[in-house]
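Asker: Okay, predicted coordinates and the sequence, questions at the end:
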Amino acid sequence: MLELRRQAFHILLGVGLVVLLNFNIIDLTDLFVVFIFGVIISIFSSRYKIPVIEWFLENFDRKNSKIRGQGVLTCFFGAMVVLLFFEKNIALASILILTLGDSFCHLGKLGKLKYPFSDKRFVEGLIIGIIVATLGALIFVSFLQAFFGSLIAMFVESLDLKIYNVEIDDNILIPLIAGIVMSLI
């Protein structure tokens with residue numbers, strides 16, 4: 001049940017960010033300020049119980065996270081990276097690929113075909129994630145960009161990549177890979 005709540009929150013956060021960015025209600029500077037504020041809250045919430053923040057962390061944060069609110073922080077960081085390095089439409093499409101692809105691929109846990117590169121994933125989840133991410137990205141980029149950006153980003157995310165034995169967070173990896181692929185196309 002926690003994972004379903006987390007994915008619903010992930011979708012609301014990502015779509016909300018894209019809407020606010022698309023209509024120029026917020027920009028990269030605003031995201032940076034919110035990110036810094038989030039880091040401060042994360043540090044304080046690891047020492048003190050902040051009433052509303054604690055409720056969100058209890059209901060949406062993974063219990064094994066080393067950093068409180070890690071998912072939200074890395075989502076904002078991933079959004080900042082793509083906004084910094086790519087043109088706006090590609091950045092927004094990249095955020096939607098993260099938001100929709102990563103969230104919907106969890107539906108594949110009901111699947112039967114084990115993914116060959118991961119013990120925790122199923123082929124059905126990868127396919128669902130690619131389809132939904134492509135549909136979302138189509139709002140901002142061409143079909144080829146949306147499809148190949150989604151396909152390659154979701155495939156790379158499913159590999160559980162590590163640097164120095166530390167897993168690379170998919171909230172940073174997915175939009176970055178998607179942005180690179182869509183820019184190249």
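Answerer: Sure, I can see it.
Asker: how about low-confidence regions in the protein?
Answerer: Residue ranges of the chain with pLDDT under 70: 1-2, 108-112, 115-120.
Asker: Any buried residues in the longest helix that it contains, and which?
Answerer: Criterion DSSP state H: the longest helix present in the chain is helix 2-22. Residues of helix 2-22 classed as buried by neighbour count (16 or more other CB atoms under 10 Å): 6-7, 9-11, 13-14, 17-18, 21. All C-beta spots, glycine's among them, are computed from the backbone N, C-alpha and C.
Asker: Stretch 29-43 now?
Answerer: Under the neighbour-count criterion of 16+ other CB under 10 Å, stretch 29-43 has 31, 34-35, 38, 41-42 buried.
Asker: farthest residue from the center of this structure?
Answerer: No residue in the chain sits farther from the centre than residue 48, which is 27.3 Å out by CA atoms, centre = their mean.
Asker: if we can go back for a sec, columns secondary structure and distance to residue 121 on top of the buried residues of stretch 29-43, output as a markdown table?
Answerer: Shown next, in a markdown table, are these (DSSP: H, G, I helix; E, B strand; the rest coil; distance: CB to CB, whole Å):
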| residue | secondary structure | distance to residue 121 |
| --- | --- | --- |
| 31 | helix | 30 |
| 34 | helix | 31 |
| 35 | helix | 29 |
| 38 | helix | 28 |
| 41 | helix | 31 |
| 42 | helix | 28 |
